[in-house]
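Novice: Got a sequence here, can you build the structure:
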Amino acid sequence: MSVGIGGVILAAGESLRMGRDKALLPWPKGAGMAGAGGTILSFAIKSLSQCCDFVLVVGGKNEDALRPVVYGCGAFLVLNPTPERGQFSSLQTGLQEVLNRGRDSAMVTLVDRPAPNAETLSELVNAFVTRERGIWATIPEYQGQHGHPIVIGREMLEAFLIAPASANAREIEHANQSRISYLPVDDPQVIANADTPQGYASLESKT
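Specialist: Prediction:
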């Protein structure tokens, strides 16, 4: 299902807490790390490709390591020239490229958040497409916890882009709370997090 949405995966972090590049962690577990398949990043690209017109992966100093996975899965690699400025700068880099490619809506996720199932993504897109007037974004929610990916329209996209580089997405979302709709889903994967070795170890592999 495609409704003019550009997918954005933020993958420029140095993965200091993980100790290895989170984008290249095997997923599903045991799938191995060879080639373009079997990693959290490749799984995310393939998942978002089902509901987005294209998928952009924002990389940083790990550009060379990401390139074979990104291109092997048919996505596009966008370089954040200053990843040391933090995750928000990667978000701005990716969203600007969405606009450059002629789309004004985006599905955004973090590379350390394994993609939820296809049904959840479809529900999320449908909720965004049928949102009420004045709603700028749709965010999945599992048992009261807000998750990823988020889907944002032109208004929220521009709010992120005009913010200073020192800002963060959560601040801007809170400032526009009344313009966000939350979609309850029966999928714990939307709140899964592989930010640390312990977090990754605790995740259940998707099949």
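
Novice: so what's Glu84 up against?
Specialist: Contact criterion C-beta atoms under 8 Å, 6 or more residues apart in numbering gives no residues in contact with Glu84. In this view, the C-beta of every residue, glycine as well, is placed from N, C-alpha and C.

Novice: And it, how far from Val78?
Specialist: 17 Å (C-beta to C-beta, to the nearest Å).

Novice: One more: Pro197?
Specialist: 28 Å.

Novice: More neighbours: those two, which one.
Specialist: Neighbours per residue, other C-beta atoms under 10 Å: of Pro197 and Val78, the larger number sits with Val78, 22 against 13.

Novice: I'd assumed Phe54 was in contact with the more buried one.
Specialist: No - Val78 lies out of contact with Phe54 (C-beta atoms under 8 Å); the separation is 11.0 Å.

Novice: Quick one: end-to-end length of stretch 185-197, please.
Specialist: 26 Å (C-alpha to C-alpha, to the nearest Å).

Novice: before we move on, what about stretch 62-79?
Specialist: With C-alpha to C-alpha, one end of stretch 62-79 sits 10 Å from the other.

Novice: which parts of it are buried?
Specialist: Buried residues in stretch 62-79, counted by 16 or more other C-beta atoms under 10 Å: 62-63, 66, 69-70, 73, 75-76, 78-79.

Novice: Can you flag which of these belong to helices?
Specialist: 63, 66, 69-70 (DSSP state H).

Novice: just to revisit the earlier point, Leu48: which of the buried residues of stretch 62-79 is nearest?
Specialist: Proximity of the buried residues of stretch 62-79 to Leu48 was ranked by C-beta to C-beta; the top entry is Ala75 with 8.4 Å.

Novice: State the distance from the closest residue to Ile45 other than its chain neighbours to Arg154.
Specialist: With sequence-adjacent residues excluded and distances taken as C-beta to C-beta, 6 or more residues apart in numbering, Ile45 is closest to Cys73, at 4.1 Å. Distance of Cys73 to Arg154, given as C-beta to C-beta: 27 Å.
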